[in-house]
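In: Return a 3D structure for these sequence lines:
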Amino acid sequence: MIVDDSRLARIVLSKAIATLQPEWTQVEAGSTDDALAIVDRQSVDVAVFDYNMPGRDGLSLAGELRERFPVMPLAIVTANVQDEVIAGARAVNATFVSKPINEETLRGFLSGAALRLRSAGK
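Out: This is a model prediction of the structure:
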């Protein structure tokens, strides 16, 4: 699942993920509330989302997803490279990925997520 209020950012993330993990099915949301509605309706194995969004931010989403899905691979993607944001990501066991996004910046997270999913039999 890709969550970002910017359509352009979702497109960039989607292309990078499709290149690195072409067999994965992607779903997109434009807000934290939309993302939570998606996970209520369907199974989601991995979530990559922006930190800065209107309403609730990415750390809020990470916290809610972590409570509901303790082992789901989560990545917070942002240009907001501040110690408190990085520490917040670590506190909820989410990977911090700095923008700008490209295949290289996502490769480590997606490789780890794929390995974790294979180990879980997904």
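
In: Where does pLDDT dip in the chain?
Out: Applying pLDDT under 70 to the chain flags residues 122.

In: ranges for the helices of it?
Out: Secondary structure of the chain, counting by DSSP state H: helices at 7-20, 32-41, 58-68, 83-91, 103-119.

In: Would you format the ones you listed as CSV with mean neighbour count and distance to Leu74 included?
Out: Using the backbone N, CA and C atoms, a C-beta is placed for each residue, glycine as well. Listed next are these as CSV, based on neighbours: other CB atoms under 10 Å; distance: least, CB to CB, whole Å:
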stretch, mean neighbour count, distance to Leu74
helix 7-20, 16, 14
helix 32-41, 16, 11
helix 58-68, 19, 5
helix 83-91, 14, 8
helix 103-119, 15, 9
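
In: Who does the most centrally placed residue in the chain form a beta bridge with?
Out: Nearest residue to the geometric centre of the chain (CA atoms, centre = their mean): Val48, 1.2 Å. For Val48, the beta-bridge partners under DSSP bridges are Ile2, Ala75.
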